[in-house]
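Enquirer: quick one: sequence plus predicted model below, questions after.
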Amino acid sequence: MMGNYMFNDGMWFGHWLWMLVIAVLVVIPAWRICKRIGYPGWMGILILIPLANLILLYFIAFSNWPAEKPDDIRNS
């Protein structure tokens, strides 16, 4: 019983620390991908939100990327 009490306090902090590490590891590549294809980098944060991450993946996969448009269209 005492072992569970001591372990729960450590798991709470460790859990949130682990979630922060995973979030950073996932958001950084998503942020870079969004910037490279011509969308704002903040769209990469959507990868953390359930269902929004799936919508983001489909949006990236099937939309026309601003970075691939010719310069004359982007500048007008």
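Expert: Thanks, I have it.
Enquirer: how about low-confidence regions in the protein?
Expert: Applying pLDDT under 70 to the chain flags residues 1-11, 72-76.
Enquirer: go again with 80.
Expert: Under the criterion pLDDT under 80, the flagged ranges of the chain are 1-11, 70-76.
Enquirer: for it, longest helix please?
Expert: Ordering each helix of the chain by length in residues (DSSP state H) puts helix 2-36 first.
Enquirer: quick one: distance of it to the chain centre.
Expert: Shown here is helix 2-36, whose average C-alpha point lies 13 Å from the average C-alpha point of the whole chain (CA atoms, centre = their mean, to the nearest Å).
Enquirer: can you give me the buried ones in it?
Expert: Burial within helix 2-36, assessed by neighbour count using 16 or more other CB atoms under 10 Å, is assigned to 27, 30, 31, 33, 34. Every residue, glycine included, has its C-beta placed from N, CA and C.
Enquirer: quick check: the third one touching residue 45?
Expert: Yes. Between residue 31 and residue 45 there is a contact under CB atoms under 8 Å: 7.5 Å.
Enquirer: now do the helix or strand residue 59 falls within: everything it contacts.
Expert: In the assignment (DSSP states H and E), residue 59 maps to helix 52-62. For helix 52-62, contacts defined as CB atoms under 8 Å, 6 or more residues apart in numbering pick out 30, 33, 34, 37, 39, 43, 46, 47.
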